[in-house]
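Undergrad: with the sequence up front, the predicted model follows.
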Amino acid sequence: MAKAVKNIKVLIVEDDSDICEMYAITFMRKGFTVYTAPDGRSAITKFNNKNPDIVLLDIMMPNVDGYQVLKEIRKNVSKYTPVIMLTNLDANDFTREAQYDDIDEYLIKSHNSPSEIVEKTIEVLKLNHLLNDSVDK
Amino acid sequence: MPKPSHKQNTRVKTTKKLSIKLGETGPLVNAGSELVKTSDWYKSMVEHMQNGVWVADSNLRLLYANPSICKLLGYTYNEMIGMHEFDLWSKGTIEKVKKILSTDRKRGISSSYEGGIYTKSGERIPILSHGTPLPDGGTVVIVTDIRELKKKDEELRKSEKRFKNMANLLPQVVFETDSSGNLLFVNKEAHKMFGYSEKEIREGINVFNLVAKSERLSALKNTHRFLRDKIPVSAEYNVVRKDGSIFPATIHVKPILKDNKAIGIRGILIDMTEKKRARELTLKLRSATEHSMDGVAMFDINGNIEFVNSAWAKMHGYKSKELVGKHLSMFHTKSQMKEEVLPFNEKVYRTGGNQGELGHVKRDGTEFPTFMSTTLIKDDKSRPIGFVGTAHDITKQKEAERIIEKRVREFNVLYRVHSHIRMVKRLSQVLTDICRDLVLTMRFPDISQVCITFDDKNYESSKHCKEFKIKIEEPIIIRGKKRGILRVGYTQIPSGQHKKYFVNIERQIAQTVAGVIGRHIASREVYERYQKIVQKSVTGLFIMDDGIIKEGNSRFGKIFKFKEKDFVGKHITEFLKDYDDHNKLLNSNVTSCSNVIKGRRKDGQLIDIDVVLQRINYHGKIGILGRAHDITKLKEAERKMHNFNKELQEMVAEKTHHLQVANKRLQSINKLKDEFIAITSHELRSPLTSIRGYLSFLVEDESLNSIPEAMQQYLLRAYNNAESLNYLVNNILDVTRLDTGRFELQIVETNLINLVKNVIDSLSFQIQEKDLNVRLNNLTKLDKFPIKIDTIRLTQVLRNLLDNAIKFSKRGKPIVVEISIDSGNAVIKVIDNGVGIPKSQIESVFDKFIQVKSIETRYKGGAGLGLFISKRIVELHDGIMKVESEINKGTTFTIQLPIK
């Protein structure tokens, strides 16, 4: 059920407002519909309310962290929502708490520029047949 | 027997006299009857008769008396007439007459009786009267004065007494009987012989009752015949004593005749017991002699044959009849006579007898050995009158003796040999003893010698063994293997011995002895082997019977501190305190059992014994074989071990606790470390992310063009340095993880070709910038090369290598990335044609914080951590990373990864 880019709802969960805004700008520039959440709790609320097509999820956040959010997202068995972990923690740290199988991509923020993040997200969306293959990166 | 017969004669004469006397009365009675017929003639005869005669009437009144009676009684004829008879008779006679009157006289029978009659003067005269009844009732009485007769009778009685005394002296029985056999007289010998008293005989015993019952009838018949024929006879009867015992006797009897009529029997009886026995013995002896197996011959003093039995005759090949009268020399050869018989007989004459072996010769000339026993026969006056010889043919005996002698010798040898082969003696001693004793059993010990060679050692009967003249060799074979030789023989050839025959006997002995020695050594070796095993055994072994130790090895003694064999005969409970398996073993199907129990040593100390008991057959009885192990030390060690183990466990538990605590602390430290690194990387990266992110917006072409050119340069420099800082931070974080061991791989299966392509693609900007030619050379010809690796980390490695290659390559130079497979490894090579690495530095190229420095390369940025991290990542994949380089020619980095 491929959609047009503007119909793709991206939920960016990021407690650092600078970084959050930076990614939001980049995604919006590409034409995505962007929702942001500054912490885990609001992320879960937004996920349930906005029903996003894909979630970019930070890990280290106040109160409810990324692992708990991932757990909450994966609780919904009626619909699979791709999740890209977008964090500055190494994969080692992630695997101590969660599993690679539950996510679609693991990206380290400092290794990638915002435009690279969008490119990787489009790849994931295409793999999940949420976006037409014709859409350019 | 002249004496007895003489006596008998006397007795017979006496009896005759008596009978004549009695016979005289007969004519007188007859004369009485004649008187009636011719009274005058008879009257004058009566008048002149010497005997007194009277006639009495029926009232016993005298009618007539002759002058003789008148003269006898002193009465006148007139006085006598009219007298009553009873006035004349003595009192006792009156009684007799009265009796006669009432019996004989009435029947008209005359009768005689002795009596007494009184004279006128009152003198009693013994008389014999004969009364004859007359037809008119009167009586004629003839009275004879028997005073003279009585006197003679007295004399007779005396002589009879003498005769009786004489008869009593006779050793034979003398007896008289009446015609029907009632005993009238016996001598004292009869009492002695038959056991009857005088009184019993007087009261009447019939001689026939003395004859044994079985012969009584024939005795009666014989006696009847003999009394008829009236001739003396002899007969043999078995007679009976009063006590019933029977003995043989010869009886000589003669009838007692009176008027040519037999009125009794007179005889003598001789006890034949001894004689009969002697006679029977003689018969038996004769029979025995005749039937004797031995030859018996009787010779006169000159050596002429008087008698030979059939055995003698047969022995020499003759018949007994044809030998009588011949000389003994016919039974011997000339040389036998000279050498044997004459000396033999000489001794017979000299000493009265001789016995020994004598050679004889048969009729056909064959000689044979006998055992002769000869006795000289002498007459009453000790004069030799001949000799008796018995000969026993000992041909067979000699043969048997020879065989027995041989056997005895063999047995002797075997006995001696067997007596030596006891295990207690040393083998050398046994063999030497056998040698010595074997010599003694040889027939000629003086010149014998025996030698045993066994296992190349010599054992000899004497120290100075000479050369054998006659030698028998027998091998000593043990379990089929010849181990030695027994040599038996003589140093000289004994005179008169045929060598061949002679050696045969010794050969048999030697064979037997060699066999015995062989078996002995075989069993000795077996025994010694087992003994060694038993004695050297480190297990105490013992055998007990009924709880008593019967045997045991030295170890058993050692365990209980007993000296050699002192323990034999002691009860098991002296050794094993709580021994109670006995009944279990003996009374059930269990044949063996084992137990660990307390034992007591001789010194009283208690020790631990591991004992195994087994039921065995011990000399046909149930015995028990035991094996005992002293496990005191083992037990002690066990106890120590147990204690040690306990201590160890406690210690381990304590240490474990400490470790657990430490581990917990370490874990918490690790966690802290992990958290520190995570937070550090997060906190360091977050601002960098913002810086780089926002700068990236600005360096985009659209925004970059909207700002003045000078500003553009500032912006680009800031962006590049932010990139460098990001790279440095990431590398420092990686090094920290590697150093703390917190570096973990996320292994997933991936396509190596794609991975390499992606890395090259991601660097296209830098490549284009330096106008480099980066080529992927896929030698595997595969589109997909699946491999299990940490994709992020390996990407990092390849990127690092390519970064370096780009950094150190001059513009326009080619870079090749080559993928190949080599013996189970994926090989990736990054080959550049750059400045190269000096040899002096190539070894430290993978060290931390090292950057190759030279005039050519100068400082190219970076902290020198890339290759260090790359190598470690490859190694964490169990791979190898190598470098080859040549200055100004280029460098090749090679990665080998195992294809899992």
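TA: Arrived safely. This one's a predicted model, so the numbers in the text were calculated from it and none came from an experiment.
Undergrad: in chain A, which residue is most central in space?
TA: Closest residue to the average C-alpha location of chain A: residue A:56 at 1.4 Å, with C-alpha atoms, centre = their mean.
Undergrad: from residue B:118, how far off is that residue?
TA: For residue A:56, the distance to residue B:118 equals 214 Å [C-beta to C-beta, to the nearest Å]. To be clear about C-beta, it is placed using only N, CA and C from the backbone, and glycine gets the same treatment.
Undergrad: got the residues of chain A near chain B?
TA: With C-beta under 8 Å from any C-beta of the partner chain as the criterion, chain A meets chain B at residues A:16, A:18-19, A:22-23, A:25-26, A:60, A:87-93, A:95-96, A:100, A:106, A:108-111, A:113-115.
Undergrad: would you write a PyMOL line that selects the buried entries of these?
TA: The PyMOL command for the buried members of the residues of chain A next to chain B (criterion: 16 or more other C-beta atoms under 10 Å in any protein chain shown) is given here:
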select buried, chain A and resi 16+19+22+23+26+60+87+88+89+90+91+92+93+106+108+109+110+111+113+114
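Undergrad: among the residues of chain A next to chain B, which ones are in helices?
TA: Counted as lying in helices by DSSP state H, out of the residues of chain A next to chain B, are A:18-19, A:22-23, A:25-26, A:91-93, A:95-96, A:114-115.
Undergrad: need those in JSON lines (columns: distance to residue B:516 and pLDDT).
TA: Compiled in JSON lines, these are given as follows (distance: C-beta to C-beta, whole Å; pLDDT from 0 to 100):
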{"residue": "A:18", "distance to residue B:516": "122", "pLDDT": "90"}
{"residue": "A:19", "distance to residue B:516": "117", "pLDDT": "91"}
{"residue": "A:22", "distance to residue B:516": "121", "pLDDT": "91"}
{"residue": "A:23", "distance to residue B:516": "118", "pLDDT": "93"}
{"residue": "A:25", "distance to residue B:516": "125", "pLDDT": "91"}
{"residue": "A:26", "distance to residue B:516": "121", "pLDDT": "91"}
{"residue": "A:91", "distance to residue B:516": "99", "pLDDT": "79"}
{"residue": "A:92", "distance to residue B:516": "96", "pLDDT": "76"}
{"residue": "A:93", "distance to residue B:516": "100", "pLDDT": "78"}
{"residue": "A:95", "distance to residue B:516": "95", "pLDDT": "80"}
{"residue": "A:96", "distance to residue B:516": "95", "pLDDT": "79"}
{"residue": "A:114", "distance to residue B:516": "119", "pLDDT": "89"}
{"residue": "A:115", "distance to residue B:516": "119", "pLDDT": "89"}
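Undergrad: quick check, nearest of those residues to residue B:319?
TA: Residue B:319 has its nearest neighbour among these in residue A:95, at 145.2 Å by C-beta to C-beta.
Undergrad: contacts only, for the residue nearest to the centre of chain A.
TA: For residue A:56, the contact set (C-beta atoms under 8 Å, 6 or more residues apart in numbering or on different chains) comprises A:10, A:11, A:12, A:13, A:14, A:23, A:83, A:84, A:86, A:117, A:121.
Undergrad: part of a strand, is the third one?
TA: In other words, residue A:12. Yes: note on residue A:12: a strand contains this position according to DSSP: H, G, I helix; E, B strand; the rest coil.
Undergrad: quick one, what contacts it?
TA: Neighbour list for residue A:12: A:20, A:23, A:24, A:27, A:34, A:35, A:36, A:37, A:56, A:86 [criterion: C-beta under 8 Å, 6+ apart].
Undergrad: and the residues you listed, which is closest to residue B:397?
TA: residue A:86 (139.8 Å).
Undergrad: any idea of the pLDDT on the residue of chain A found nearest chain B?
TA: In chain A, the residue that lies nearest chain B is residue A:88 (3.5 Å; C-beta to the nearest C-beta). Confidence at residue A:88, expressed as pLDDT, is 86.
Undergrad: from residue B:692, how far out is whatever residue of the stretch 601-750 of chain B ends up closest to chain A?
TA: Among the residues of the stretch 601-750 of chain B, residue B:685 lies closest to chain A, at 3.5 Å counting by C-beta to the nearest C-beta. Distance, residue B:685 to residue B:692, by C-beta to C-beta: 10 Å.
Undergrad: same question, residue A:95
TA: Taken as C-beta to C-beta, the span from residue A:95 to residue B:692 is 25 Å.
Undergrad: now swap in residue B:415 and tell me
TA: Distance of residue B:415 to residue B:692, given as C-beta to C-beta: 125 Å.
Undergrad: same deal with residue B:482?
TA: Applying C-beta to C-beta, the value for residue B:482 to residue B:692 is 109 Å.
Undergrad: give me the more crowded residue out of these two.
TA: Shown here are residue B:482 and residue B:692; by other C-beta atoms under 10 Å in any protein chain shown, residue B:692 has more neighbours (24 against 10).
Undergrad: the residue of the stretch 601-750 of chain B closest to chain A: which element?
TA: Assigned by DSSP states H and E, residue B:685 belongs to helix B:632-699.
Undergrad: other residues contacting the lowest-mean-pLDDT helix or strand in chain A?
TA: Within chain A, no helix or strand scores below helix A:91-97, which has a mean of 79 by mean pLDDT, DSSP states H and E. The contact list for helix A:91-97, computed with C-beta under 8 Å, 6+ apart, reads A:59, A:67, A:85, A:87, A:100, A:106, B:674, B:677-678, B:737, B:742-744, B:746, B:792.
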